[in-house]
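**Student:** got a structure for you, letters missing:
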């Protein structure tokens, strides 16, 4: 920090803050990013979680869907994402036989055969293709609006031009169309998972609709891709672009107070130093920003995900006889039928860790081995990322360490139901014989990167439009004309998208024009 005055100060050097900074610096603005931690990246870092092994894992966020190609192009980012052949695999046991539902990213004969093995599978297959065809058209028509000022509800509905799809995605609980469209409980559950990742609600909550929408509109295709080199590769490239554009970044710079008179903002750091700017962009959660401003923080759902990172000596065999290199290449669903997901939600609501914990898993190294050293690649090691659903922060408020272990044990039990090789038997072991497994509860996530109650979306997701009587804007504005939200807590925030970072930058530049 060579000066006490900047055009714009940004709180938080996560990917959205870096993207906002790069856009603003390229427009000639003098930018300072203040990062509380000793490294940048926030949830988009890559780390060697297991010191004995040279494997750089995406510790928190791990896949990319929402990041618009336009942002990559605008900023000249040398960042690649890789497509996965497999969309998902869901093992299940039916009439005493271990089976599985395989879905390729692009419908093929293997997917068709997998559906046809289900009772009335040909009917489910046709329903699947029709449903996701409608969703893709919806996404293609909506995606271009995400980097523009917020459309009104009426404007976007007209732009979509399909009342049937609009009604089941926007007006009515997503659980209704899922149960109406599909009859098989496994198929219903696979569809529902996109409505629940990081969102602690029932299938029949409208909040599930918003989560579902955000998981399926990225770049008009909703494809979830693997970041080449791990998520940290995005951070390094954003840092390069930001710094080359003149952005100043100060780590170990925790903000303790934000004040504004509507014309200028003052930011006070731990230690008492005060810095001034014309505008402030907050990549921190809205709740954090409110506390810094001395205001009551807004309420929102708490985080509900258990994150487990693992390093394996080899992939485990499955009881269904599915090739593990196919099963784990996409999203691997565990205990995620529709009924199981609803049951798990009810158990969590009653204050207990779900007995058959629903899990989402994927193996980065089946698509991109570059995060492993050459030695680990030769020896056949793989990373495995696990995301446990319906594990709200409240379950860990008391006896946190014991509850963390209980949740880990529940996750392992759930996974092992479908494996020939118990996961413990294929986990790498350190030089001190410790298993290469790392568990993060919502409270751990809050402590590490400041997400309130571990909520990966910072606050409740909103639909990507404004109501017809709402003031026009970019969805990043606050009650102060000098302060904007550039992180996941903005409208159209959430996920590794850069959208709120872009939109906050555009909102500032619009005021300056």
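**Tutor:** Noted; the coordinates are in hand. Computed from a predicted structure; not experimentally measured. Numbers count the residues shown, from 1 in each chain.

**Student:** how about low-confidence regions in this structure?
**Tutor:** Applying pLDDT under 70 to the chain flags residues 1-3.

**Student:** residues in contact with residue 345?
**Tutor:** 200-202, 390 (C-beta atoms under 8 Å, 6 or more residues apart in numbering). C-beta coordinates here come from the backbone N, C-alpha and C atoms, glycine included.

**Student:** and what of residue 195?
**Tutor:** So residue 195 contacts 174, 203, 208-209, 211-212, 215 (C-beta under 8 Å, 6+ apart).

**Student:** Just give the closest residue to residue 310, not the sequence neighbours.
**Tutor:** residue 384 (4.3 Å; C-beta to C-beta, 6 or more residues apart in numbering).

**Student:** So which elements touch the helix or strand hosting the one you found?
**Tutor:** Using DSSP states H and E, residue 384 sits within strand 382-388. Applying 3 or more C-beta pairs under 8 Å, 6 or more residues apart in numbering; DSSP states H and E, one finds that strand 382-388 contacts strand 56-58, strand 306-312, strand 359-362, helix 400-416.

**Student:** Got the phi and psi for residue 327?
**Tutor:** phi -60, psi -40 (degrees, to the nearest 10).

**Student:** That one reaches residue 318, doesn't it?
**Tutor:** Yes - counting by C-beta atoms under 8 Å, residue 318 is a contact partner of residue 327 at 5.8 Å.

**Student:** neighbour count winner among the two?
**Tutor:** residue 327 (25 against 21; other C-beta atoms under 10 Å).

**Student:** Quick check: residue 508 vs residue 68, distance?
**Tutor:** Applying C-beta to C-beta, to the nearest Å, the value for residue 508 to residue 68 is 19 Å.

**Student:** same question but for residue 176, I mixed them up
**Tutor:** Distance, residue 176 to residue 68, by C-beta to C-beta: 30 Å.

**Student:** which of the two has more neighbours?
**Tutor:** Ranked by neighbour count (other C-beta under 10 Å), residue 176 and residue 68 place residue 68 first, with 19 against 14.

**Student:** Surely the more buried one touches residue 147?
**Tutor:** Yes - counting by C-beta under 8 Å, residue 147 is a contact partner of residue 68 at 6.1 Å.

**Student:** what is in contact with the two at once?
**Tutor:** The contact sets of residue 68 and residue 147 overlap at 499, 502 (C-beta under 8 Å, 6+ apart).

**Student:** Just say helix, strand or coil for the residue found closest to residue 494 once you drop the neighbours it is linked to in the chain.
**Tutor:** Counting by C-beta to C-beta, 6+ apart, the nearest residue to residue 494 once its immediate chain neighbours are dropped is residue 457, at 4.3 Å. For residue 457, the assignment made with DSSP: H, G, I helix; E, B strand; the rest coil gives coil.

**Student:** For residue 457, give me its contacts.
**Tutor:** Listed by C-beta under 8 Å, 6+ apart, the contact set of residue 457 reads 198-199, 488-489, 493-495.

**Student:** residue contacts, residue 439?
**Tutor:** Here residue 439 is in contact with 306-308, 404-405, 407-408 (C-beta under 8 Å, 6+ apart).

**Student:** Could you do residue 312 as well?
**Tutor:** 381-384, 423, 426-428, 436.

**Student:** For those residues, pick the one with the most neighbours.
**Tutor:** For those, the largest number of neighbours (other C-beta under 10 Å) sits with residue 383, at 29 neighbours.

**Student:** Would you confirm that that residue contacts residue 361?
**Tutor:** No - in this structure, residue 383 is not within contact of residue 361 by C-beta under 8 Å, at 10.6 Å.

**Student:** so the closest residue to residue 269 other than its chain neighbours, which of the three states?
**Tutor:** Spatial nearest neighbour of residue 269, chain neighbours left out: residue 253 (5.6 Å); criterion: C-beta to C-beta, 6+ apart. The three-state label given to residue 253 by three-state DSSP is coil.

**Student:** Please apply the same query to residue 17.
**Tutor:** Residue 17 ends up helix, using three-state DSSP.

**Student:** Give me the neighbour count for it.
**Tutor:** Residues near residue 17, counting by other C-beta under 10 Å: 32.

**Student:** list the contacts for it?
**Tutor:** So residue 17 contacts 10-11, 33, 42, 281, 283, 486-487, 501 (C-beta under 8 Å, 6+ apart).

**Student:** which stretches of the stretch 351-500 of the chain form helices?
**Tutor:** With helices called from DSSP state H, counting those that start in this stretch, the stretch 351-500 of the chain shows them at 374-378, 400-416, 423-426, 442-449, 499-512.

**Student:** In the longest one, which residues are buried?
**Tutor:** If you call a residue buried by 16 or more other C-beta atoms under 10 Å, then helix 400-416 has these buried ones: 403-404, 407-408, 410-412, 414-416.

**Student:** and for it, what are the contacting residues?
**Tutor:** 306, 308, 334-335, 353-359, 361, 386, 388, 391, 395-396, 422-424, 437, 439, 441, 443-444.

**Student:** All good on my end, thank you.
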